[in-house]
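Participant: what's the 3D shape of this:
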Amino acid sequence: MSTVELTKDNFDEVVTQNDFVLIDFWAAWCGPCRMFAPVYEKAAEANPDLVFAKVDTEAQPELAASFEIQSIPTLMIVRDRVAVFSQPGALPAAALEDVIGQARALDMDEVRKSVEEAQQGS
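Facilitator: Below you'll find the model as predicted:
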């Protein structure tokens, strides 16, 4: 499956209709982004059950701003509409697979409970 291009128009729909979405925030002028792109595409092919998406920060500045993206590339993983991972920098293939594996292994009931407790505490 190829990656999905996310825009402000389809972002909510893609994230709410899929349980596991990886999002690559990137820009065409960004050298590290171009180096990470084939690694990301290969991971998408290796994990056809997951949604791999991209946000062009130049074309979608509102999305980048809403997630406070400071540097690109930034990889974000959203599970069950909860951002469970966000890290700037191009990951090597093995590190990307490791992050995907860790995100798959999360107990989302525990994650939701932690989020709820954090929100109540603030």
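Participant: contacts and neighbour counts: CA atoms only from here.
Facilitator: Fine.
Participant: quick check: mean pLDDT of stretch 43-61?
Facilitator: Mean pLDDT, computed over stretch 43-61, is 96.
Participant: actually stretch 21-39, not the one I wrote
Facilitator: For stretch 21-39, mean pLDDT rounds to 96.
Participant: now swap in stretch 71-80 and tell me
Facilitator: For stretch 71-80, the mean pLDDT works out to 96.
Participant: start to end distance for that stretch?
Facilitator: 25 Å (Cα to Cα, to the nearest Å).
Participant: what do you get for stretch 99-114?
Facilitator: Across stretch 99-114, first to last residue, Cα to Cα, it's 20 Å.
Participant: show me the beta-bridge partners of the closest residue to Ser86 other than its chain neighbours.
Facilitator: Nearest residue to Ser86 in three dimensions, chain neighbours excluded: Met76, at 4.2 Å (Cα to Cα, 6 or more residues apart in numbering). Note on Met76: beta-bridge partners by DSSP bridges are Ile23, Ser86.
Participant: mind listing what Met76 touches?
Facilitator: Met76 is in contact with Leu22, Ile23, Asp24, Phe25, Ala83, Val84, Phe85, Ser86, Gln87, counting by Cα atoms under 8 Å, 6 or more residues apart in numbering.
Participant: among those, which pair sits farthest apart?
Facilitator: Phe25 and Val84 (15.5 Å; Cα to Cα).
Participant: which one's more surrounded, the two?
Facilitator: Phe25 (25 against 14; other Cα atoms under 10 Å).
Participant: before we move on, back to that, between the contacts of Met76, which has the most around it?
Facilitator: Of all those, the highest neighbour tally under other Cα under 10 Å goes to Asp24, namely 28 neighbours.
Participant: that one and Val51 touch, don't they?
Facilitator: No. Asp24 is not in contact with Val51 according to Cα atoms under 8 Å; the separation is 11.2 Å.
Participant: before we move on, back to that, measure the residue nearest to Ser86 to Gln120 for me?
Facilitator: 24 Å.
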